[in-house]
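S.K.: Attaching a predicted model along with its sequence, questions to come.
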There are 2 protein chains.
Amino acid sequence: MEFPFDTIAAAELDRLQTLHAPLTRAIRELIDAAVHTDADEATVREAHTAIEAAAGALGRSRRNGSRTLRQAETGLPVAWGNPVVGTRNPIAPPVLIEHENGHCWSEFDLGGAYEGPPGLVHGGICALILDHVLGEVVSEGLNKPYFTGTLTCRYLRGTPLGRLRVEADVERTEGVKAFARGTLSDADGVTVEAEGVFIMPAWARENR
Amino acid sequence: MEFPFDTIAAAELDRLQTLHAPLTRAIRELIDAAVHTDADEATVREAHTAIEAAAGALGRSRRNGSRTLRQAETGLPVAWGNPVVGTRNPIAPPVLIEHENGHCWSEFDLGGAYEGPPGLVHGGICALILDHVLGEVVSEGLNKPYFTGTLTCRYLRGTPLGRLRVEADVERTEGVKAFARGTLSDADGVTVEAEGVFIMPAWARENR
């Protein structure tokens, strides 16, 4: 069974991206403010009331969450709800990925909402981002269906919050398996190395 | 260098938890609504304005983000900003962890904001949660300083969104290294297996 999908025209996608980008950014700022605030009780309660009202208003018109979206003209996936790259998911930093000939990379910022030890990125957040970017490179931008089979991350040192770079390469493919490697780095070099084995699901194999 | 920390009395911690719990829950609902909404332009713009105001009000009083917090009476860490377990971090599901004799576990829910393939949890989110829970079990609830050295996740099948269980055990310790294993499961059994090697940093070794 292939995943069900809806399509969206490029012009409508542009309109919705433009509409939702400021909302998503504001929610990311809200998350960061909520984690770090020392505001008094009245301020917290007022914020709570306003946010509950906004969530209620947005929640009244809800898409069916179990269908993926593709661009009508190109067939390319629209991953705007994805927790790593989703431009409409406030949980996503987002990591905006560039692709070129079996290589991909991104530069992005992580703030205090992704913190584990003080001043450092949570080790699991490093794994989340590396899993995604390795999956992106083997699937040529989520274009081919691949699921993570095995992910291994080696942590060389703590990854500081702030500006980071992630890179990944396809190492080789063997039948229905694809092998990828990647790194997470700060300005001083690599902090985490990852390798992953990705597997094409049975339903996708006949279309190879 | 040990991490700097502030202390907070149990009564004050209780007051702040009670104050912030509804705010954090409302922001989690807002994230879910924003990812899935089909609301019209006026509704999205109104929500944006309200959220920007709330983020501004909360952001005006900001804690120093680079210090950890410990309970004054017990010395136990207060990880409320953590992206996996933090009761004050809207990014965290949160995973609330039970500990017993070198074993720990949690049951928790993941909604559409954590989705990768349709209906399934993003593989990297599984890695994020397993990394955290393996780190919790070796550190006896973040009580001993341990950093992830290596994390390996084996994905047996897709993990459905909804109710999940995570478990972890300490396998053994060898000098400054601790070895842990864990699983993520749905009602039908294990979906992801993980093993991790965790390392005590040099500054913590003399206090062992």
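M.R.: Nice, I can see it.

S.K.: Okay, strands next: where are they in chain A?
M.R.: Using DSSP state E, the strands of chain A run over A:5-8, A:68-71, A:98-100, A:103-110, A:147-155, A:162-174, A:177-186, A:189-199.

S.K.: So for B:His99, which of the ones you listed sits nearest?
M.R.: Using C-beta to C-beta as the measure, strand A:147-155 is the one of the strands of chain A that comes nearest B:His99, at 23.4 Å. Where C-beta positions appear, they are placed from N, C-alpha and C, glycine not excepted.

S.K.: From the contact counts, what lies against the closest one?
M.R.: helix A:123-138, strand A:189-199, helix B:123-138, strand B:147-155 (3 or more C-beta pairs under 8 Å, 6 or more residues apart in numbering or on different chains; DSSP states H and E).

S.K.: Tell me which of those sits nearest to B:Thr43.
M.R.: helix B:123-138 (28.6 Å).

S.K.: Work out the gap between that closest one and the centre of the chain.
M.R.: Relative to the centre of its chain, helix B:123-138 is centred 9 Å away, using C-alpha atoms, centre = their mean, to the nearest Å.

S.K.: Could you confirm whether that helix reaches chain A?
M.R.: Yes: Helix B:123-138 lies within reach of chain A by C-beta under 8 Å from any C-beta of the partner chain, at B:Gly123, B:Gly124, B:Ile125, B:Ala127, B:Leu128, B:Ile129, B:Leu130, B:Asp131, B:His132, B:Gly135.

S.K.: low pLDDT regions in chain A?
M.R.: With pLDDT under 70 as the threshold, chain A has low-confidence stretches at A:1-3, A:64-67, A:206-208.

S.K.: distance of the residue most central in space within it from chain B?
M.R.: Among the residues of chain A, A:Val84 comes closest to the average C-alpha position under C-alpha atoms, centre = their mean, at 1.2 Å. With distances defined as C-beta to the nearest C-beta, to the nearest Å, the gap from A:Val84 to chain B amounts to 6 Å.

S.K.: residues contacting that residue?
M.R.: By C-beta atoms under 8 Å, 6 or more residues apart in numbering or on different chains, the contact list for A:Val84 reads A:Ala92, A:Pro93, A:Pro94, A:Val95, A:Leu128, A:Ile129, A:His132, A:Val133, B:His122, B:Gly124.

S.K.: can the strands of chain A go into a markdown table with extra columns for mean neighbour count?
M.R.: Listed next are the strands of chain A as a markdown table, based on neighbours: other C-beta atoms under 10 Å in any protein chain shown:
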| stretch | mean neighbour count |
| --- | --- |
| strand A:5-8 | 14 |
| strand A:68-71 | 16 |
| strand A:98-100 | 11 |
| strand A:103-110 | 17 |
| strand A:147-155 | 21 |
| strand A:162-174 | 17 |
| strand A:177-186 | 21 |
| strand A:189-199 | 20 |
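
S.K.: hmm, which of the residues of helix B:123-138 next to chain A are the buried ones?
M.R.: Neighbour-count burial (16 or more other C-beta atoms under 10 Å in any protein chain shown) applied to the residues of helix B:123-138 next to chain A gives B:Gly123, B:Gly124, B:Ile125, B:Ala127, B:Leu128, B:Ile129, B:Leu130, B:Asp131, B:His132, B:Gly135.
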